[in-house]
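Undergrad: dropping a prediction and its sequence here:
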Amino acid sequence: MKTDVLIVGSGCSALYMALHLPENLNILMVNKKKKLKLSDSFLAQGGICMLRNEEDYDSYFEDTMKAGHYEK
């Protein structure tokens, strides 16, 4: 197999880079998971979790677990 660019990963940064490379390049992307829907970027759903203060810990923890489909 011949490729001009090998991108390891399929997260947001990898996809952004692939979209901004010259179109004449042969680009191969590899992913550690069998299904892209199991990738960390897909599970992040475009959101950013942050703990604003200690009083919000329970809702922060639940939001984080829910966004990750309660996977470890």
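TA: Structure received.
Undergrad: can you give the distance from the lengthiest helix in the chain to the centre of its chain?
TA: Longest helix in the chain by number of residues (criterion: DSSP state H): helix 57-67. Taking Cα atoms, centre = their mean, to the nearest Å, one finds the center of helix 57-67 at 18 Å from the center of the full chain.
Undergrad: just stretch 30-45 next, same as before
TA: The chain centroid and the centroid of stretch 30-45 are separated by 6 Å under Cα atoms, centre = their mean.
Undergrad: what comes into contact with that stretch?
TA: Surrounding stretch 30-45, the residues in contact under the criterion Cβ atoms under 8 Å, 6 or more residues apart in numbering are Leu6, Ile7, Val8, Gly9, Ser10, Gly11, Cys12, Leu15, Ala67, Gly68, His69, Glu71. Placement of C-beta: from N, CA and C, glycine included.
Undergrad: now swap in stretch 5-23 and tell me
TA: When contacts are taken as Cβ under 8 Å, 6+ apart, the neighbours of stretch 5-23 outside the stretch itself are Leu25, Asn26, Ile27, Leu28, Met29, Val30, Asn31, Lys32, Leu36, Ser39, Asp40, Ser41.
Undergrad: and the contacts of stretch 30-45, which are buried?
TA: A residue is treated as buried here by neighbour count (16 or more other Cβ atoms under 10 Å); on that basis the buried members of the contacts of stretch 30-45 are Ile7, Gly9, Ser10.
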